[in-house]
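Student: how does the following fold in three dimensions:
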Amino acid sequence: MIIYFVNKNSTIKGPYDIMDAHRNRIMRVGDICIREDSRGVSFLLVVSGTNRWNTCKCIVLAKTNSNFSY
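Tutor: Reported below is the predicted structural model:
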């Protein structure tokens, strides 16, 4: 299982846009994405082969206004 963090400044359109240094897709069904967006931080489970965030199962949404330092 892979757990991957996607910050709010990312241009990634879905979990399968996450690739390694050799441009191989690294996410699979059952992997986890922690995604930061304008609503807060979402804990998403990849459950489909479709490359869209809305096809992931949202386990938790933590609404926050905090800005993380990168």
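Student: those strands in this protein, which residues are they?
Tutor: Assigned by DSSP state E, the chain shows strands spanning 3-6, 32-37, 40-45, 57-62.
Student: the second one packs against which elements?
Tutor: For strand 32-37, the contact count by 3 or more C-beta pairs under 8 Å, 6 or more residues apart in numbering; DSSP states H and E identifies strand 3-6, strand 40-45 as packing neighbours. In this view, the C-beta of every residue, glycine as well, is placed from N, C-alpha and C.
Student: what's the residue nearest to Ile34 when sequence neighbours are not counted in contact with, if anything?
Tutor: Computed as C-beta to C-beta, 6 or more residues apart in numbering, the closest residue to Ile34 that is not its neighbour in sequence is Phe5, at 4.8 Å. Neighbouring residues of Phe5 by C-beta atoms under 8 Å, 6 or more residues apart in numbering: 33-36.
Student: could the strands of the chain go into CSV alongside mean pLDDT and distance to Asp17?
Tutor: CSV is the format used below for the strands of the chain (pLDDT from 0 to 100; distance: least, C-beta to C-beta, whole Å):
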stretch, mean pLDDT, distance to Asp17
strand 3-6, 93, 9
strand 32-37, 94, 11
strand 40-45, 95, 13
strand 57-62, 94, 18
